[in-house]
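Asker: test case, fold it:
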Amino acid sequence: MDTARHVNRGRRQILGAGIAVGSTAVAGCLGSIGDDIDETSDAGSYTVSLDHLGETTFDAIPNSAFVTFPQYADMAIALGHGEAVQSLFATEMAGTTMDMFYDHLEGVDFEWETLDDPLADGLTKEELYAYDCDVHFLDPSYVLLTESGWTESEIDEIGEALGPWYGSFHSGVHSDPADAYAETYEYRTLWELFETVAEIFQERDRYEALAAVYDDVYDRIESTLPPEDERPTVARVTLGDGEFFTYHLNTPGFWQAETRPLGAHDALAEYDWSGDWGTVDYETLLEVDPDVILHLWGITPRYAIDDVRDRLADHSAGSTLRAVQNDRVVASGMRYQGPIMNLFQLEMTAKQLYPDQFGAWPGHTPGDSYPEFSADEQLFDRQRVATIITGTE
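Answerer: Predicted coordinates for the structure are as follows:
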């Protein structure tokens, strides 16, 4: 595979792709994860080091972005490029959840209602040509492993004819990538991924400002957590039909970006599974009997936390769980979280796991906005974040 690529406006026109890529370059060096931006010409081209592709030259900033998982939409919005997003996985669930956070950020909005879910009927090459986007925020390894009919050469064709791929699906839980990428695959944190997306959109200043907000939140959490022996045991699950889909709390990967910093004891730490998640039955959950059940997706309309509580309370075994009896079945957010979502979900999870330290969580009804908190109960300043995103004072 080539180690250098050029996203060229003229080449795309020759190939019939038709949409130019868009704007100026910013020089800089991002030594923390080895992704460099270099000013390559007076015309405004710039180079970004992308996983799977190596050094990739953009003639200009992308105007349109093919997006699947919501973290990349959230990143684009955080960088002031939400209008570039052309598609969104699980559109309604993701869009309504993102809205509940953005409602608290003045001037930040996302018009997701007209977007299609590009994975709803399987992803095809023809579909990508129809979208005709300048950049594709999807891990090509994910495409090879989960979408039928794709080959590595077709992945390369789309990258050359339309625009490059960037994504790191397997960084979610550090799962195994497709063989084609296994030798060179790099696992990235959420904020490392965001840093590279910022390079693609040439928004270094916004990235650094939001990263500083995250650092402040992280430091506040770390300095406020109770001693380890006073922290709860937590089972992070999604309730299915007679079973629970299970996820770890503290393992590497951006799927744990809102739980790992909180350092709670993983009730399922001794259990392992071969896929991205596992399953356990009621008997197993009763054996570990966690202090808290943290229900993934519980803040979304699809898995409303009140419905989950009712189902557990009505189940002969579920009703005997300590977390059910002590009213500590609580809502988690979306594992596909970008930087804005991560800030809110860290705050939400901190309040639900450690109400004495971070203030009580008042509850939430799916479809409603994220709860209001007084300034001293917020883990981060909403106006500070809104100002970074919108560029206004």
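Asker: and the pLDDT at the residue located most distally from the centre of the chain?
Answerer: Here the chain reaches farthest from its C-alpha mean at S316, the gap being 35.7 Å by CA atoms, centre = their mean. If you check S316, the pLDDT there is 97.
Asker: that one and Y282: what is the separation?
Answerer: 9 Å (CB to CB, to the nearest Å). From N, CA and C alone the C-beta is placed, and that goes for glycine too.
Asker: cool, and T246?
Answerer: From T246 across to Y282, the span is 13 Å (CB to CB).
Asker: if we can go back for a sec, can you classify the residue farthest from the centre of the chain by secondary structure?
Answerer: Secondary structure, DSSP: H, G, I helix; E, B strand; the rest coil: S316 is coil.
Asker: need phi/psi at it.
Answerer: phi -60, psi -40 (degrees, to the nearest 10).
Asker: ok, residues contacting stretch 100-111?
Answerer: By CB atoms under 8 Å, 6 or more residues apart in numbering, the surrounding residues in contact with stretch 100-111 are 73, 77, 82, 85, 95, 98-99, 299, 340-341, 344, 368-370, 372, 382-383, 385-386, 389-390, 392.
Asker: one more pass at 6 Å, please.
Answerer: By CB atoms under 6 Å, 6 or more residues apart in numbering, the surrounding residues in contact with stretch 100-111 are I77, G82, M98, F344, S369, Y370, R382, V385, A386, I389, T390.
Asker: can you give me the end-to-end span of that stretch?
Answerer: By CA to CA, to the nearest Å, the extent of stretch 100-111 from end to end equals 13 Å.
Asker: tell me the buried residues in it?
Answerer: Buried residues in stretch 100-111, counted by 16 or more other CB atoms under 10 Å: M100, F101, Y102, H104, L105, V108, F110.
Asker: which residues in the stretch 251-393 of the chain form helices?
Answerer: Ranges of helices within the stretch 251-393 of the chain are 282-288, 305-313, 322-325, 339-353, 355-358, 382-390, based on DSSP state H, counting those that start in this stretch.
Asker: which of those sits closest to A90?
Answerer: Closest of those to A90 is helix 339-353, at 13.5 Å (criterion: CB to CB).
Asker: buried sites along that closest one?
Answerer: Within helix 339-353, the residues scored as buried using 16+ other CB under 10 Å are 339-353.
Asker: just to revisit the earlier point, for the residue farthest from the centre of the chain, what are its contacts?
Answerer: By CB under 6 Å, 6+ apart, the contact set of S316 is empty.
Asker: going forward, begin numbering at 27 instead of 1
Answerer: In the new count, where the first residue is 27, that last one comes out as S342.
Asker: measure it to G268 for me?
Answerer: Note on S342: its distance to G268, by CB to CB, is 12 Å.
Asker: picking that back up, so which of the buried residues of helix 365-379 is the closest to G385?
Answerer: K377 (5.6 Å).
Asker: for T285, see how far away the closest one is.
Answerer: Distance from K377 to T285, by CB to CB: 13 Å.
Asker: follow-up on the earlier one: quick one: which of the buried residues of stretch 126-137 is nearest L312?
Answerer: Taking CB to CB as the measure, M126 is the one of the buried residues of stretch 126-137 closest to L312, at 32.9 Å.
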